[in-house]
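In: Here's a sequence, model it:
(one chain, ligands or ions: 1)
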Amino acid sequence: MSETLHDFLRRATARLGEAGVDSPALSARLLAARALGWDAARLVAERRSAPDAAALRAAEILVARRAAGEPVAYILGEKEFYGLRFEVTPDVLVPRPETEHVIELAEARLERAAPLRMLDLGTGSGALAVTLAVRFPGARVLAVDVSGAALAVARRNAAAHAVADRVSFLRADFAALPVAGTAVDLVAANPPYVSDAEYAGLSREVRDFEPRLALTGLPGRGGLDARGAVTGTECLAALAREAHRALVPGGLLLCELGCGQGGAALDILRAQSGWRDGEVTPDLAGLDRVLVAVRAL
Ligand SMILES: C[S@@+](CC[C@H](N)C(=O)[O-])C[C@H]1O[C@@H](n2cnc3c(N)ncnc32)[C@H](O)[C@@H]1O
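Out: As a prediction, this is how the structure comes out:
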């Protein structure tokens, strides 16, 4: 007799649990739903049925990928960010829930309908740029990334959310922005902020599957510092310098940080003249998460 969905899910959950992945039951359900082409409600309603054997074999292959550490988002090719569905490929970082805090801060500080100009430095999947364009219907956003492959994904996400006419894309190093003539009201960024030393200690899901460029920045420059120092905050120093050049006086910088980088981030702003109202806002876990500052001059 063929296996019921219930038995398949039990077996898959046990296998994923033994492999040490997070949320094994949820992963098993998501992967089975994808292979069967069913939604969550049908998965529950037809739990006692015996689905097509070929579909269960396809689900088994997805479960094997997950058991080998591949994140669910890459297997499914999508991830939700701020209530929107984003395409993700191995060329982009999987958007993280903590990055949603950048959008929340933008919404708290800026006027929704104003004709704002915005810059997203290190756009990856376009999570920040596209979400900002969706949430601020009067805004125009320039999304910058050094990775052409990431920009291709971001472009598709802008089109999928019907904001392609207000989001433009630029392949550039955000440490050397061609910003002449750019005068933006907001710089949003989630730059690489993992040092090479920290990189070795990341979980295999991150280290083996997510693009290193998104985590530690350009090779050999620790994300950008001319002296070759390799730390997450060196990258931030270069980004803040360029953000200051791009912002109008009174313009806002919102930059995600690695936890524990808050003090160093504020030191960087103090050392660069021309910033005011610098603060670090914590995420829901109470960790340093977003650097907020206003261009003074
Ligand atoms: C941490 S990921 C953030 C992606 C996306 N903004 C998000 O929050 O999900 C950093 C991004 O910065 C890009 N990047 C790294 N170094 C860069 C540089 N020097 N100039 C421009 N982009 C860079 C990477 O390709 C990657 O897409």
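In: okay but residue 112 is in contact with residue 135, surely?
Out: Yes: with contact defined as Cβ atoms under 8 Å, residue 112 counts as touching residue 135 (7.2 Å). Bear in mind the C-beta positions are built from the backbone N, C-alpha and C, glycine included.
In: Assign a three-state SS to residue 253, would you?
Out: strand (DSSP: H, G, I helix; E, B strand; the rest coil).
In: repeat for residue 149
Out: Relying on three-state DSSP, one would call residue 149 helix.
In: And the pLDDT at the residue nearest to it when sequence neighbours are not counted?
Out: Nearest residue to residue 149, sequence neighbours excluded (Cβ to Cβ, 6 or more residues apart in numbering): residue 91, at 3.8 Å. pLDDT, residue 91: 97.
In: outside of the particular helix or strand that has residue 281 in it, which residues touch it?
Out: Element membership of residue 281, judged by DSSP states H and E, is strand 275-282. The contact list for strand 275-282 (Cβ atoms under 8 Å, 6 or more residues apart in numbering) reads 101, 105, 240, 244, 253, 257, 262, 265-266, 269-270, 288-296.
In: Quick check on the residues you listed: which are buried?
Out: In terms of neighbour count (16 or more other Cβ atoms under 10 Å), the buried residues within the contacts of strand 275-282 are 101, 105, 240, 244, 253, 257, 262, 265-266, 269, 288-295.
In: hang on, the earlier thing: list the contacts for the residue nearest to residue 149?
Out: Residue 91 neighbours (Cβ under 8 Å, 6+ apart): 147, 149-150, 152-153, 211.
In: Got a quick PyMOL command for the buried subset of the residues you listed?
Out: Only the buried entries of the contacts of residue 91 go into this PyMOL selection, using 16+ other Cβ under 10 Å:
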select buried, resi 147+150+153+211
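In: Export the contacts of residue 91 to CSV and append columns for distance to the ligand and pLDDT.
Out: Converted to CSV, the contacts of residue 91 look like this (distance: Cβ to the nearest ligand atom, whole Å; pLDDT from 0 to 100):
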residue, distance to the ligand, pLDDT
147, 4, 95
149, 9, 97
150, 4, 98
152, 12, 98
153, 9, 98
211, 6, 91
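In: Quick check: the farthest pair among the contacts of residue 91?
Out: 152 and 211 (13.2 Å; Cβ to Cβ).
In: is it true that residue 85 lies in a strand?
Out: Yes: according to three-state DSSP, residue 85 belongs to a strand.
In: Give me the neighbour count for the residue lying closest to it once chain neighbours are set aside.
Out: Distances taken as Cβ to Cβ, 6+ apart place residue 78 nearest to residue 85, at 5.6 Å, with adjacent residues excluded. For residue 78, the neighbour count with other Cβ atoms under 10 Å is 18.
In: quick one, what contacts residue 78?
Out: 85-88.
In: The ligand contacts on the chain?
Out: Taking Cβ under 6 Å from any ligand atom as the measure of proximity, the chain contacts the ligand at 92-93, 95, 99, 122-125, 127-128, 144-147, 150, 173-175, 190-192, 213-214, 217-218, 223-224.
In: Can you flag which of these belong to helices?
Out: The members of those that map onto helices under DSSP state H are 127-128, 150, 213-214.
In: May I see the buried residues of the lowest-mean-pLDDT helix or strand in the chain?
Out: When the helices and strands of the chain are scored by mean pLDDT, DSSP states H and E, helix 196-199 comes last with a mean of 81. For helix 196-199, a neighbour-count test (16+ other Cβ under 10 Å) marks residue 196 as buried.
In: contacting residues around the helix or strand just after it?
Out: Remark: after helix 196-199, the chain's next helix or strand is helix 204-207, criterion DSSP H and E. Residues from elsewhere that reach helix 204-207 (Cβ under 8 Å, 6+ apart): 21, 69-71, 199-200, 215.
In: chain center to helix 204-207: distance?
Out: With Cα atoms, centre = their mean, to the nearest Å as the basis, helix 204-207 stands 15 Å off its chain's centre.
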